[in-house]
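S.K.: coords please:
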Amino acid sequence: SFSGIRQGSKNLLNWSVTGEEQPMQYDIEKSYDAVHFWSIGGFTGLCCDSSLINRYQFTDEDGIHALEFYRIRMRNENDHFNYSKTIDLSDHAGGIELLAISNPFIGKIDLRLVTGKKETVKAELLDAMGRSIHHWELNINKGLNQFSLGGLANEGAGVYVLRINSSKGIIQRKLVSGSH
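M.R.: Model (predicted):
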């Protein structure tokens, strides 16, 4: 099992392992977008009694950030590895956050959103005059969500605004449509 908790300005990660029959290396990895991870520390496991439950703990003292995801890379002595589940210790109290968006876009807008709760949000594309030209309803789940907003093949080159309305507020991003 793998879990974590925020404690003051630190994140405390805990996990337990059974069946450690050979030396294992545990590399703790962190991400701000749940896609690109980097190592923030590691150590060799206790080994070698497979009947024991070994409990481990790691403290990330890097401070608290709005978006924080963790996973553990578990490597054996032959360098074969597996990943744990990814845990989310992000602070989603502020509603939804837009992590990435395709800009410029051609024919569709790809985006990633993260939120602390399940809800339906409304997205719309506005032209340079502020007129709403496309609407979407997005069913988002707690955590990381990816969407592709299609139907934009007929939009000409120019500047647009993507507006996302959630229960916690509005996100707006200026976008450019590339040529077809």
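S.K.: counting neighbours, what do you get for Asp27?
M.R.: The number of residues packed near Asp27 is 17, by other Cβ atoms under 10 Å. From N, CA and C alone the C-beta is placed, and that goes for glycine too.
S.K.: cool, the one 5 residues further on as well?
M.R.: Neighbour count of Tyr32, defined by other Cβ under 10 Å: 15.
S.K.: isn't it right up against Asp62?
M.R.: No - using Cβ atoms under 8 Å, Tyr32 makes no contact with Asp62, being 10.9 Å away.
S.K.: lowest-confidence helix or strand of the protein?
M.R.: Sorting the helices and strands of the chain by mean pLDDT, DSSP states H and E puts strand 97-101 at the bottom, at a mean of 80.
S.K.: contacts for that strand, please.
M.R.: For strand 97-101, the surrounding residues in contact (Cβ atoms under 8 Å, 6 or more residues apart in numbering) are 33, 66-67, 109-115, 144, 162, 164, 171, 173, 175.
S.K.: the nearest residue to Gly4 once chain neighbours are set aside pairs with what?
M.R.: Leaving aside its sequence neighbours, Gly4 sits nearest to Leu13 (Cβ to Cβ, 6 or more residues apart in numbering; 4.5 Å). With DSSP bridges as the criterion, Leu13 is bridged to Gly4, Phe58.
S.K.: with Asn54 instead?
M.R.: Going by DSSP bridges, Asn54 forms beta bridges with Val17.
S.K.: how far away is it from Leu138?
M.R.: 42 Å (Cβ to Cβ, to the nearest Å).
S.K.: can you give me the neighbour number for Phe147?
M.R.: For Phe147, the count of nearby residues is 17 (other Cβ under 10 Å).
S.K.: quick one: contacts for it?
M.R.: Contact analysis of Phe147 by Cβ under 8 Å, 6+ apart lists Asp110, Leu111, Arg112, Leu113, Trp136, Leu138.
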